[in-house]
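[1] Quick one: sequence plus predicted model below, questions after.
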Amino acid sequence: MALTPAVPHLPETTAYSRPVPREFVHKTAHSEVLLTGWRRTGEREFEVGAQWPRDHGFWRTDEDGTQDPMLLVETTRQVLPLLAHAAYEVPAGFQLIWDQHNCTFAAPFSAVGGAPADVVLALSASQAPRPGARQRRIQLAMTVRAADRVVGTASTVYTAHSPQVYARLRGPGTPPLPEAMAAAVAPPPAEEPSRVGRESAREVVLAPAEDGKGGADGAGDGDGDGGRHGQGAAGVVRRRLRVLTASPWLFDHPVDHVPGILLMEAARQCAHLAAAPRRPRLTRMEAAFHRYVDLDAPAWVETEPGAGGNRAGEGDGDGERTLAVRVVQHGETAFTAVVGFTTDAVGASARAPGLG
């Protein structure tokens, strides 16, 4: 459960000249706020402004001057609490729970210019805001434009729950804050950062293969160390999820579970491993959230080639490849994703910090 400060009134605006109050995007660091304002454009339609920095501390600009498409994922994530509080009047302290979040990314993605990129999102909601209504489930479809060019789309489904309902959903065994953060299992060693498109170990959310061959950690039952290592049955590869609660980006504030954005970053890092020695360029990510991933137990990331897709790294690099990703904890599937990507030719730079 996140600590949500009081939410002030946020009037509609088209200026988009300054970040919105951090409470509206459930952040504590002002520097992590990407949204700049909102307005209604119809009964169920909205416009939201955002600004992407020329280089973000975590979602970094690639060496070829292309912004990280995961900026789009985080931007569209921030839209959920903004509209929930500003338009749908969801009270402070209510928990927003992702059901699914799907994104597509233009190819090529947004290039960095001489100034931060001003971004505009056009949104359509499944329900119109109704004064006094108790909104519980909202669906949003978004089109994201930067420099008058569509750079991606997103569709999402999320629900809002009171603290009392959220406590019942989490169950009596969930430690309260801040005990939940203190109970987090120690992260395993990090995969080599360059293999997952990262610059330092504190950005890596996957453990290395224990057999040293690029396979998976412990192909056991998902709760222990496993009995054998490497690639599992039917081409399934398993690795430990690496959760660093000290990360100022993925854990901006205390929570009692692994954040959804960390799980999506894990899926992106899996694409880097699957595409090696080529470099992947994200085309889409379709994510579904089935169960909470707890902090006090290990979780496992399983990958295999997506249905109908080529094995990443095979072929001539043309066309979209797909990768199916699952996160398993306590023997249950908690998160699934399909990651679509294209690949650079062999010999292109293997270093792609922060780029999918």
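    Looks like it arrived, so ask away.

[2] contacting residues around stretch 51-65?
    Stretch 51-65 is contacted from outside by 16, 19, 31, 34, 36, 67-68, 70-71, 74-75, 110-113, 115-119, 146, 199, 203, 248-250, 349, 351-355, using CB atoms under 8 Å, 6 or more residues apart in numbering. Quick note: C-beta positions are derived from backbone N, CA and C, even for glycine.

[3] Just the mean pLDDT for that stretch, thanks.
    Mean pLDDT, computed over stretch 51-65, is 93.

[4] Numbering from 422 from now on, please.
    Got it, the first residue is 422 from now on, which makes the last one we talked about stretch 472-486.

[5] Can you mark which positions in that stretch are buried?
    Residues of stretch 472-486 classed as buried by neighbour count (16 or more other CB atoms under 10 Å): 472, 473, 474, 477, 479, 480, 481, 482, 483.

[6] Could you measure from the last one over to residue 541?
    So that's residue 483. Residue 483 sits 23 Å away from residue 541, going by CB to CB, to the nearest Å.

[7] again, but for the third one
    Distance from residue 474 to residue 541, counting by CB to CB: 16 Å.

[8] cool, the first one as well?
    Relative to residue 541, residue 472 is positioned 10 Å away (criterion: CB to CB).

[9] who touches both of those two?
    Joint contacts of residue 472 and residue 541 (CB under 8 Å, 6+ apart) are residue 437.

[10] how about the strands in the stretch 422-571 of the chain?
    Along the stretch 422-571 of the chain, the segments classed as strands by DSSP state E, counting those that start in this stretch run 456-461, 466-473, 516-526, 538-546, 558-567, 570-582.

[11] and what of the stretch 572-721 of the chain?
    Taking DSSP E, counting those that start in this stretch as the criterion, the stretch 572-721 of the chain carries its strands at 658-661, 701-710, 721-726.

[12] Quick one: those strands as TSV, columns for distance to residue 514, mean neighbour count and mean pLDDT too.
    Conversion of these to TSV gives the following (distance: least, CB to CB, whole Å; neighbours: other CB atoms under 10 Å; pLDDT from 0 to 100):
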stretch	distance to residue 514	mean neighbour count	mean pLDDT
strand 658-661	33	24	94
strand 701-710	21	22	97
strand 721-726	32	22	95
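
[13] Residue 520 is nearest to which of the ones you listed?
    strand 701-710 (6.2 Å; CB to CB).

[14] now for that closest one, which elements pack on it?
    Applying 3 or more CB pairs under 8 Å, 6 or more residues apart in numbering; DSSP states H and E, we find strand 701-710 packed against strand 516-526, helix 681-696, strand 753-764.

[15] Out of the strands of the stretch 572-721 of the chain, flag the one nearest residue 501.
    Per CB to CB, nearest to residue 501 of the strands of the stretch 572-721 of the chain: strand 701-710, 12.5 Å.

[16] circling back to that earlier point, mind putting the strands of the stretch 422-571 of the chain in CSV, distance to residue 709 included?
    CSV is the format used below for the strands of the stretch 422-571 of the chain (distance: least, CB to CB, whole Å):
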stretch, distance to residue 709
strand 456-461, 24
strand 466-473, 24
strand 516-526, 5
strand 538-546, 20
strand 558-567, 14
strand 570-582, 9
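
[17] mean confidence score for stretch 561-570?
    Mean predicted lDDT for stretch 561-570 stands at 96.

[18] Give me the buried positions along it.
    So stretch 561-570, judged by 16+ other CB under 10 Å, has buried residues 561, 563, 565, 567.

[19] doesn't residue 539 make contact with the last one?
    Yes. With contacts counted by CB atoms under 8 Å, residue 567 reaches residue 539, the gap being 7.2 Å.

[20] before we move on, back to that, wait, which of the strands of the stretch 572-721 of the chain is closest to residue 763?
    Nearest of the strands of the stretch 572-721 of the chain (CB to CB): strand 701-710, 5.0 Å.

[21] List the neighbouring strands of that closest one plus their orientation.
    The pairing partners recorded for strand 701-710 under DSSP bridges are strand 516-526 (antiparallel), strand 753-764 (antiparallel).

[22] Now do it and helix 681-696, the angle between them.
    Angular relation of strand 701-710 and helix 681-696 on a 0 to 180 degree scale: 140 degrees, by axes from the mean of the first three to the mean of the last three CA atoms, to 10 degrees.

[23] Now do strand 701-710 and strand 570-582, the angle between them.
    20 degrees.

[24] Show me what counts as buried in stretch 502-511.
    For stretch 502-511, by 16+ other CB under 10 Å, it's 502, 503, 504, 505, 506, 507, 508, 509, 511.

[25] Packed most tightly, which of the helices and strands packed on strand 701-710 would that be?
    Most buried of the helices and strands packed on strand 701-710 by mean neighbour count (mean count of other CB atoms under 10 Å) is helix 681-696; its value is a mean of 24.

[26] Looking at that one now, give me its mean pLDDT.
    The model assigns helix 681-696 a mean pLDDT of 97.

[27] Now do it: distance to the chain's middle.
    Centre-to-centre, helix 681-696 and its host chain are 9 Å apart (CA atoms, centre = their mean, to the nearest Å).

[28] tell me what it is packed against?
    helix 491-507, strand 516-526, strand 701-710, strand 721-726, strand 742-750, strand 753-764.

[29] Residue 662: which of the ones you listed is closest?
    strand 721-726 (5.3 Å).
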